[in-house]
Structures are given as C-alpha cells and as structure tokens.
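Make a model of this:
(chains A and B)
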Number of protein chains: 2
Amino acid sequence: MPHQPEKTVARNAGLIKALRDFLPPESVLDQREQLRPFECDGLSVYRQLPMVVVLPETIAQVQGIMRLCHAQDIPVVARGAGTGLSGGALPLANGVLLSLAKFRNILHIDPHNAMATVQPGVRNLAISEAAAAYGLYYAPDPSSQIACTIGGNVAENSGGVHCLKYGLTVHNILMLKVVTAEGELLTIGAETLDAPGYDLLALMTGSEGMLGIIVEVTVKLLARPERAQVVLAAFDDVVKAGEAVGAIIAAGIIPAGLEMMDRLAIQAAEDFVHAGYPRDAEAILLCELDGTNAEVSEYIMTMRRILTDSGATEVRTAVDEAERQLFWKGRKSAFPAVGRISPDYYCMDGTIPRRQLPHVLRRISEMSEEYGLAVANVFHAGDGNLHPLILFDANKEGELHRAEELGQGILQLCVEVGGTITGEHGVGMEKIDQMCIQFRSAELAQFHAVKAAFDPSGLLNPGKAVPTLQRCAEFGAMHVHHGKLSHPELERF
Amino acid sequence: MPHQPEKTVARNAGLIKALRDFLPPESVLDQREQLRPFECDGLSVYRQLPMVVVLPETIAQVQGIMRLCHAQDIPVVARGAGTGLSGGALPLANGVLLSLAKFRNILHIDPHNAMATVQPGVRNLAISEAAAAYGLYYAPDPSSQIACTIGGNVAENSGGVHCLKYGLTVHNILMLKVVTAEGELLTIGAETLDAPGYDLLALMTGSEGMLGIIVEVTVKLLARPERAQVVLAAFDDVVKAGEAVGAIIAAGIIPAGLEMMDRLAIQAAEDFVHAGYPRDAEAILLCELDGTNAEVSEYIMTMRRILTDSGATEVRTAVDEAERQLFWKGRKSAFPAVGRISPDYYCMDGTIPRRQLPHVLRRISEMSEEYGLAVANVFHAGDGNLHPLILFDANKEGELHRAEELGQGILQLCVEVGGTITGEHGVGMEKIDQMCIQFRSAELAQFHAVKAAFDPSGLLNPGKAVPTLQRCAEFGAMHVHHGKLSHPELERF
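Residues are numbered from 1 along each chain as shown, chains lettered A, B, ... in the order given. Modelled structure (predicted):
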C-alpha cells in the first residue's frame, strides 16, 4: 500500500479533438472536476487524474477509441464501477480512462439454455435480479455485488462467498466480446461447454485490463436452490476452527459458503449489527448448505457431527430465514465493523492451501504480536482465501509503515506455504512487487510474452498486474534491506 | 478424414547422436520397426513414421531434448498413450516424437486437501484407483480412461460422461509443470482456487501440444458420492428425447451423466451386450444421478415426472447396481457395437447449445437420407456434445467421400446453430480446416500470436490445431466448389 506522488495531467489537445470527432460531447470529459470521480478505485491511497475520460456507448465507439489511441501511442485504462481493491483501474496522467458505465443493458436472457448475454457495465446483482423471473441466478457474488459490474468481475476473475461450491467468474462465463489494443473485435468462448482453439476466454478472465477491453459477456445462470440453511459453530481456539474446515471438506461436503471470523472480527461485527454471534468465542464458522430440502437436512446432520467432533463449543442452525440473513449480515458487515473500532485498517487478500489454515492462523497471530498491531481475521475459509485486516492508526508515527511490513510478511507467508498473494482482489498496483515473490523470472517472462501477443505496444493498463523483470530485480534488492518499497515510474507492461 | 501420402523419414544422424549423448540407449528409437507403434494415434487414417522417438524419464531430460531441438530447429510432437481421435499426436517425418510413456508415477496423494500430483504418463483411471483408498476419485472420465493418460487429457481438455456435472479437465486440475519450446521449466497454476497473473493453466489445457510439454499435473480429487442411480427413458421420437433433455436442465437438475442413443445405436448395443434396452424405441436417455441417498431419491422422483411429462413411453430405474452397470455398459460399448454392423464408421464430434438438440437431430436425419448413409447417434446430450457415427463401406466406390462430405455438413450445422466443431476429441489434423468455419481471421490471428508467445519458432506440433490464414483462404475456395479437401504440406503453426 505504498503511496506515490500524483503526476500532473499531460493534456493532449489533438487527441481530445479527435475523440470529439466521433463521440458525443457528453462522452468526452476533460475538465478537472469531471475527471475527479475517476481518479481512483476502491484502493484510494492511489490517486491520479487521467488526461481524459471517455464514456463510449457502442462497441464501434470502443473500437474507434482504441484505433485512435493505438495510432497515437496513448495508453488506455478501462474501468467498470471502480470498486476494485488493488488499484487496477488507477488512471494514467498521460492516458485515456475508458469507462464502460454506459454499457448497462441486459441484452438477452435465455432461460431454456440457462444463460444471459449482458453488457459489461451491468451490475453483478442486476443479472440475478433479472434472471429471478425464471428461477435462475448468477452465482459469483463478490461483497460489492450491489455496485460492481460484470465487466470488472471478468477483468478481476471475482469470487465471493459462494465460489467454493460454484466457482469463480471464469467458471461461470461462456463467451466474451473483446476489443483489442488495435481496435479489433474478437468473439471468444462458445455457448457450449468447450470451444476449440486456445482458451482465450480463461486467459482474458482475470487479466486486469491488460489484454483487451471487455464489451460483452455471456454468463451461465443456475437454478435457485430449493433451500439454503446456515450452521454457526463457535470455537475456543482459532486453530481448532481451522482444523474443522479441513474435516468438513475431507468428509466430501462442499458447502455453498464456509466463512470464518476470529474474536476481534466477531466482537466488532456483533457490536455493529447484533447478529447474535457468541461474543466470547475465539472463532466462529458459518457453513451454508444449499440444495434440495432432503439434501440440506442430511448435510446439516453430518455437518453438526463434524463440528462437534472438531471441538466446537456450540453448534447452532438458524431458526428461520430471518436469522439466516442476520448471520450473513454480520459476516458481510465485518469490514465496516472493524472500521468502527480502528482509525485505519489494511485489508489483505491472500490464499493458502486449506491444510495450512491452522499453521498460517497461528503465524499471523505471532506476527501480530511482533509488530504490535492487532489483526482481525474474516475470510473464505473453505477455499483458503484469507482477508486479515491489519488495524493501525495512520496518525501515529510509523504505524502505517509497520502495517505495510506486516501485510507484506503475511503475503510472503502465503507464498511460502504454497499459496498466492491474491485470492480475489487482483494484483493491480497494490501487489505488483509481490508478484516478484510469487513467480520466478521464467514465468514472468512468459506472462510478458502473452501480453505482447495481445498488446505489443503495451498500451492497455501499463504498469499493473505483471512487473517487469527489472522491477523485480530492484524490488528484490530493496527487499533484502527491509527498506520501504518505492514505486518508481509506471513502466510499460 | 482425408488421407495424405506418408512422407519418407528424413534421418538426421547428428541429432540422433546428440540425443544419445544424454539419454539412455533404450530411450532413443530410430529403427523402422521401433518407430512403427508411434506412426499414428487413434485416428489411424493418418499415418507417418517419425524421424526418431525419444522416451525421456526425467524433466531434465525433456528440457535437454527441447534445448537440442530448439538449437537445431527440429519440430517435436509430444505423445501420451496415443488414444486421441483427431490425429493430434501424428508424427512428422522430419521431427522428434517425444513420448511421455516413462512418466508413470503417482508422486503424491494429499487426501486432506483432496489433490494428487502425478506424472503425465499416468493413466486416467489409475488416479482414481490410487485415490480410492481415501474415498476419493478423479472426475473426468473419457471413454478411453483405462488407457489414456492424464498428460494427454490435459493437452486435449478431455471430458467424459460425467463432465456435465463435474466439468472438463480444465475444471479439475490445479497446477502444471511445463517444459517450453526452448527447454525452460514453468510452474503454472496454484494449489489454491485462483492464481495471480494470466491464466496460463487454462491456456495450456486443450492446447494440443502446441504451447509446451506437460511434465507434471496436480489434479483435484472429489469424494465418491454416497449413491449413484440411473434412470432409463424410452421415446418413440428422437426430437421428443431432445426436448426432454432441455426440460431436465431447465428444472435445475444437473445429472452426473445425461446420455442419448438413437434406434440404430440402441439396437447395435443391445445385440452386442444385451443391456436390456427397449429395442423398439426411437431413442433412449440414460440419466445418472449421484449424491447423498436422500438427494438421489428426491431427484429420481422429479426426473421420472419430467420424463413422463416429456412423452417418454417407458421410464425405468435400474433395479440394482448390476443393472446400473449394465445400462452403462451398453452406452460405453456403442461405438464398437456400431462397428459390428457396418464395415466402416466415421465418428464425429461436435457440440451445440442444448436448445438446438431437437432441430439438429432432425437435420442430421434429413442429411442422412440425402447422402444415403445411415447415421447412429450416441452422445452426451446434457452438454450438447454430439457423436454422430456415419456408417459406410470404404470398399464401395464413393462412400468414403460421401461420408466425409456428410461429416463436414454436420460440423457446419453445429457451427451454424452456435456450436463448435469439436466437443472433446480436439482439432488435431482432422478438423484443422473446419477451424476456418469456426473462427474469423481476427480470432485465428490472435491464436497465432498466442502460439508465437510460447513457441516463436513453431517447433511444437506444427501443422495441428490452428490453421494458417493462408490455409483457410485455400480451404474456403475449395469449399465453394464442393471438391474433396486436399491436405497440402504441413505448415508451421
């Protein structure tokens, strides 16, 4: 989360005039007060005004913008709703910020084939709302699903509480229309289970705006399960809760959601929304089961037994739908709840193999003591996606720096145990240096080759997601000295 | 399925000597009788002896082979068990055939985390056999699963009867080790749900040996379901059976398998294995349900109702496990059963959106009459993956040619209704020209750019999977004249 000085916008009057030649006047913004709303995404420690914001309405306009920028060698950053948490949509001072906000139509819902074709600016939740008339829904549900858009979900390969059972974005989409860096329109994927040729659909998903501009998305829809129920289990020890997660999965149960909160998170959430959590527990697990009525009943019995055998001090099933919603409200409010008890917090996002949960939770607790900073753990336990929240006070000398160091230590731990530096928030600006820990130069070189296959001039979202080998060499050196990370120039690629 | 003349092997004594310098004597085969077993894969109409066969035993040896071939500009074709049905492992007369047959160790099974790390030459079924001790199995089950290897499964993104519910190979693997065209070793994917960087894991899966040599695979394992049961439904009309498939999926049921056979296939299978199929039915559906005992019971009731409402003339549930196995034995023996009633048959593989099933089945029946060739339909109805078997007699003047034309017409129909030219058999040699129907030049150009990002010299499996634009231009012209397709030189890429 290191800061960088904002750069002055380099106005390019010729480009702006050329954009106005084929875009309506309200689709080209270049006044400072118009640019302000686009200066950052959800990771607001990074801020930069773009040179110009464009809001195209048609695929042809997107192609026109890309052709123009390609001809004039102007970098382009695409943006959905800007809810991303890793600075992936941070604009460039000398670049175009291309917002897909006007692409907000649901083009077609095909209930018979359980799929929907939508524009990228459609909100995640709006798809499920529109599909509800047919008893269908779109499964991936990031916490920001009220606001975030499907185009951004594809760019980040978003997950959510239900991705343990229903998969990430990449497992729930069928086709994409993509405009390339040179303005070419590609149709990738197929309405069927598999498409011939290289899997460009998966390659594009999670590519963080580096390979193309997503202009249309065909998603899979699922039938709403007949019943959903949640089991809450309390533990007097975080490590026991971590072991229970392993026992559930080992028993062959794939819950629709399997979330964990530790004492600090439980108390913060309980004080905030009064979810009825046991305040004295060291950890709770929330295990959602969905399916047919009979199936859910059967799984609840098995689940209760496993939780009790794993040493749970209390196992409760929501008495009714209202209580089920309340249990989830506590979980979903955990981040703002922690925000109420600490002046600042730094939300981490890393994944680990499930079997490492007990070890990693123990280590985070030790590191928290070493650094003298509290850490609240709220996370997708079932898929090993951690969200440690590091509590600090930016107004206290050195605390931000210590929080950054602790955060980096946690990510390094994730990599050491066989995990990754990001689960669902992406690399963006935030974790570009940590990519140097995650990958060796051979893999990074292959990433750059793939990037060049789509965007040889490096105009799409330069400086994000994949570090240059040079950058990693510098980072490595700095890392050795435990110095604070600097963010030199945004390099191309 | 057009034939091509076999080329004379161009022996390169210098290369063979250099290979022998670092490989054991029994790992370098260059005698004609030694090369013979490698001259074709499961699509035996294409045959070509390679210049030399190498059988490395270690990753370092594979790297050495690739470095040597890269330095000397020698093309390399990788091969698993050679059960592929599209000629993807066809050798080159001037190339190295790299067999992974000696990579046959299961390296590690991790029951707690439900994963296994295996060498690419391990047979698909052997993974499930080894995992059975922990109540686990590997889900994708191509018909050839007794013989085919996991490395080949990854290269082809293989499916199987259960992929409707459990996904293709790409959905069931976590990590790969891959040796690049230049001999570099890459580790891609992660033990966790998602990895940062571009999704090279999915990109490599189904890339038909064009992007790298797979030398290690980490797969996901699943818990064996408590119960599996199969429902057999008979119909007096193929189209009604196709409509029933749509009704099942629309009801939100995802069967573990949903297979369809038409009259010709039913009778051939029944005569062969006496599965107890209704011989007078126009079509049967086999619907497998798995899960907990309660869940399966509930779904069977729903399924019976849907099938009856869809006009099934008979709905039967297997009375015991022996009958369930027998129902499946009939399905799995359908290809050889058809082989018993016709001197030759041509197995097609295309996919269509499920809603198109009734229309496509009707059109195939009409085309069968037009061409005067019987077509038996045996296929994965649930995921729209068709396997029409065109019956012909190669000894009758013109029948092979008519079979080829009919096959091409069926694939073109698949593309026209929004489907693809291959479901699970890959493109290989067989369908390289049909790729020109499936994709526009923009997408093909992007495929070539991706290929060049991994293999700029075009040494890995040249001439397969993705046609050159030049080839498509020639194919297009020939297609207009309804001439028999010629297969000019194997081009690079």
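
From now on I want contacts and neighbour counts done on CA atoms only, so please keep to that.
Will do.

Disregarding residues adjacent in the polypeptide, which is nearest to the residue of the stretch 51-200 of chain A found nearest chain B?
Going by Cα to the nearest Cα, chain B is nearest to A:Asp199 of the stretch 51-200 of chain A, at 5.0 Å. Of all residues not flanking A:Asp199 in the chain, B:Leu203 sits nearest, at 5.0 Å (Cα to Cα, 6 or more residues apart in numbering or on different chains).

Number of residues surrounding the one you found?
Around B:Leu203 there are 20 other residues, counting by other Cα atoms under 10 Å in any protein chain shown.

Kindly report the same for A:Glu184.
A:Glu184 - counted by other Cα under 10 Å - has 17 other residues nearby.

ok, it to A:Gln63 distance?
A:Glu184 sits 7 Å away from A:Gln63, taking Cα to Cα, to the nearest Å as the criterion.

try A:Gly330
44 Å.

Repeat that for A:Gly423.
Per Cα to Cα, A:Gly423 is found 32 Å from A:Gln63.

And the residue nearest to A:Asp199, how close does it get to B:Thr218?
Distance from B:Leu203 to B:Thr218, by Cα to Cα: 16 Å.

Settle it for me: which of A:Gly423 and A:Gln63 has more neighbours?
Between A:Gly423 and A:Gln63, A:Gly423 has the larger neighbour count (other Cα under 10 Å), namely 27 against 22.

so that one sits in a helix?
No: looking at A:Gly423 with DSSP: H, G, I helix; E, B strand; the rest coil, it is coil, so not inside a helix.

looking at it, it is touching A:Pro353, isn't it?
No: at 11.5 Å, A:Gly423 and A:Pro353 do not qualify as touching, with contact defined as Cα atoms under 8 Å.

Look up the pLDDT of the residue lying closest to A:Ala244 once chain neighbours are set aside for me, please.
Among residues not flanking A:Ala244 along the chain, A:Ser310 sits closest, at 5.4 Å (Cα to Cα, 6+ apart). Note on A:Ser310: pLDDT of 96.

doesn't A:Val239 make contact with A:Ser310?
No: between A:Ser310 and A:Val239 there is no contact, the gap being 10.5 Å when judged by Cα under 8 Å.

Name the residue of the stretch 301-450 of chain A that lies nearest to chain B.
Counting by Cα to the nearest Cα, the stretch 301-450 of chain A gets nearest chain B through A:Ala449, at 4.8 Å.

For the residue nearest to that residue when sequence neighbours are not counted, identify the helix or strand it belongs to.
The shortest distance from A:Ala449 to any non-neighbouring residue, by Cα to Cα, 6+ apart, is to B:Ala453 (4.8 Å). With secondary structure defined by DSSP states H and E, B:Ala453 is part of helix B:441-454.

Stretch A:281-301 - what's its average pLDDT?
Average pLDDT, stretch A:281-301: 93.

How about the residues of the stretch 351-493 of chain A by chain B?
Selection of the stretch 351-493 of chain A residues close to chain B by Cα under 8 Å from any Cα of the partner chain yields A:351-355, A:383-384, A:418-424, A:426-427, A:435, A:442-443, A:446-447, A:449-450, A:452-454, A:465-466.

filter the residues you listed to the buried ones?
By neighbour count, with 16 or more other Cα atoms under 10 Å in any protein chain shown, these hold A:351-355, A:383-384, A:419-424, A:426-427, A:435, A:443, A:446-447, A:449-450, A:452-454, A:465-466 as buried.

wait, A:Ser143 sits on A:Lys332?
Yes: A:Ser143 is within contact range of A:Lys332, at 7.0 Å (criterion: Cα under 8 Å).

Just the pLDDT for the spatially most central residue of chain A.
Nearest to the mean C-alpha position of chain A, by Cα atoms, centre = their mean, lies A:His425 at 2.8 Å. pLDDT for A:His425: 89.

now swap in A:His3 and tell me
52.

And for A:Thr420?
93.

follow-up on the earlier one: correct me, but the residue of the stretch 51-200 of chain A closest to chain B touches B:Gly206?
Yes: shown here, A:Asp199 and B:Gly206 form a contact pair, counting by Cα under 8 Å, at 7.5 Å.

The two: which is more packed in?
B:Gly206 (30 against 23).

now the more buried one: how far from chain A?
Separation of B:Gly206 from chain A (Cα to the nearest Cα, to the nearest Å): 7 Å.

who's in contact with the residue nearest to A:Ala244?
A:240-241, A:243-244, A:247 (Cα atoms under 8 Å, 6 or more residues apart in numbering or on different chains).

now A:Lys177
Contacts of A:Lys177 (Cα under 8 Å, 6+ apart): A:185-188, A:214-217.

6 Å instead?
Contacts for A:Lys177 were tallied using Cα atoms under 6 Å, 6 or more residues apart in numbering or on different chains; they are A:186-187, A:215-216.
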